[in-house]
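Trainee: A structural model of the following input is requested.
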Amino acid sequence: MRLTWRRRAAQTRAWLEATARARIPSAWRESATNFLAEWALTVGLGIAALLACAKLGEDVFSHETGTFDGVIQQWVVEHQNAVLTAIFLGVTNVGSVSAALVSALVAAVWLWRQRGRRVAAATLIAPAAATALFLVVKRIFARARPPAIGHAVLGTYAFPSGHATATTAVWCTLAYIAWREGLASRRQATYVAILVPLLVGLSRVYLDVHWATDVLGGWSLGLLVAVLGTVLYDRNRRRHVALDQRAGTDAAGNTSP
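Mentor: All right, here's what the predicted structure looks like:
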């Protein structure tokens, strides 16, 4: 009886010790799982955006989008009215490339004060890279704008939409940063990242200043830039946090008796 009791007690103690030791690996596994899930999503979005850019570029270059663009343009023109035109005109002005640049600059100043210049760099790289890319791609494809606006904007090209590219790059990046900095919930950040580029892109098609595939190309290119911007932000943010922790540890060691 005594031996059995001791054996049971030893088994119980061993089980409790194993459970206590398992708590740390379990927490580590949960943290690692969340990290891998976020990176998988980031990589997946980046690959999807890259493939979409390549496919749209190929179709536009081969002049295979005429039917698709023509059907949408005809439907839009038939359903235009003064009220919606005024609304979408306001949306397209608010979502201009210059407005996206100003938004990114304001966010960069705030981040510089809170997190340092390396973290703030992500918000400036997004609009800079987006603007450079869509200007280069426009010249490569040299696609004409829809006839209704083409005569008024001579010398400018259609694919991809600069408004859609810059807005997607900047606001997707800013929404992600706002979530990571605790300024917005995941749901709120998702709404901003989706709705702002969506409305701006739709306004370009509704106002008949871009073909639908111009906007799709701009969304794809902007998303690719946003993914790169968020990766840069995460990398610099982790470095900043590590430096703060190291500084705190050093300060604690110097002040301790």
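
Trainee: Only C-alpha atoms from now on, for both contacts and neighbour counts.
Mentor: Will do.

Trainee: low pLDDT regions in the chain?
Mentor: When residues are selected by pLDDT under 70, those of the chain lie in 1-43, 116, 119, 149-155, 239-257.

Trainee: Quick check, central residue of it?
Mentor: The centre of the chain sits closest to Cys172, judged by Cα atoms, centre = their mean, with a distance of 3.3 Å.

Trainee: For that residue, give its distance to Thr190.
Mentor: For Cys172, the distance to Thr190 equals 8 Å [Cα to Cα, to the nearest Å].

Trainee: now Leu56
Mentor: When distances are taken as Cα to Cα, Leu56 and Thr190 turn out to be 25 Å apart.

Trainee: Also Pro127?
Mentor: Distance of Pro127 to Thr190, computed by Cα to Cα: 19 Å.

Trainee: and the host helix or strand of Ile194, how far from the chain's centre?
Mentor: If you go by DSSP states H and E, Ile194 is part of helix 186-206. Its chain's C-alpha centre lies 11 Å from the corresponding centre of helix 186-206 when counted by Cα atoms, centre = their mean, to the nearest Å.

Trainee: and the residue nearest to the centre of the chain, helix, strand or coil?
Mentor: The three-state assignment at Cys172 reads helix, by DSSP: H, G, I helix; E, B strand; the rest coil.

Trainee: rewinding a little: how about residues contacting the helix holding Ile194?
Mentor: The set of residues that contact helix 186-206 without belonging to it, under Cα atoms under 8 Å, 6 or more residues apart in numbering, is 73, 76-77, 80, 85, 88-89, 91-92, 95, 163-164, 167-168, 171-173, 175-176, 178-179, 210-212, 215, 219.

Trainee: for stretch 132-152, same thing?
Mentor: Contact partners of stretch 132-152, identified using Cα under 8 Å, 6+ apart, comprise 60-61, 156-162, 165, 208-211, 218, 221.

Trainee: count of neighbours near the nearest residue to Thr131 once chain neighbours are set aside?
Mentor: Leaving aside its sequence neighbours, Thr131 sits nearest to Ala166 (Cα to Cα, 6 or more residues apart in numbering; 6.5 Å). Burial measure for Ala166: 35 neighbouring residues, criterion other Cα atoms under 10 Å.

Trainee: hang on, isn't Ala166 packed against Ala130?
Mentor: Yes. Between Ala166 and Ala130 there is a contact under Cα atoms under 8 Å: 5.6 Å.

Trainee: which neighbours do those two share?
Mentor: Listed contacts common to Ala166 and Ala130 are Gly222; contacts here mean Cα under 8 Å, 6+ apart.

Trainee: show me where the stretch 1-150 of the chain has helices.
Mentor: Under the criterion DSSP state H, counting those that start in this stretch, the stretch 1-150 of the chain contains helices at 2-61, 66-78, 82-94, 97-115, 117-141, 147-150.

Trainee: by how many degrees do the third one and helix 97-115 diverge?
Mentor: So that's helix 82-94. 50 degrees (axes from the mean of the first three to the mean of the last three Cα atoms, to 10 degrees).

Trainee: List every C-alpha atom in helix 82-94, with coordinates, as CSV.
Mentor: Provided in CSV are the C-alpha atoms of helix 82-94 (Å, rounded to 0.1, in the frame of the first residue of the first chain):
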residue,chain,number,x,y,z
ALA,A,82,-25.5,64.6,-61.9
VAL,A,83,-25.6,63.6,-58.2
LEU,A,84,-23.3,60.6,-58.5
THR,A,85,-21.0,62.5,-60.8
ALA,A,86,-20.6,65.2,-58.1
ILE,A,87,-20.1,62.6,-55.4
PHE,A,88,-17.5,60.7,-57.4
LEU,A,89,-15.8,63.9,-58.4
GLY,A,90,-15.3,64.7,-54.8
VAL,A,91,-14.0,61.2,-54.1
THR,A,92,-11.5,61.3,-56.9
ASN,A,93,-10.2,64.7,-55.7
VAL,A,94,-9.8,63.5,-52.2
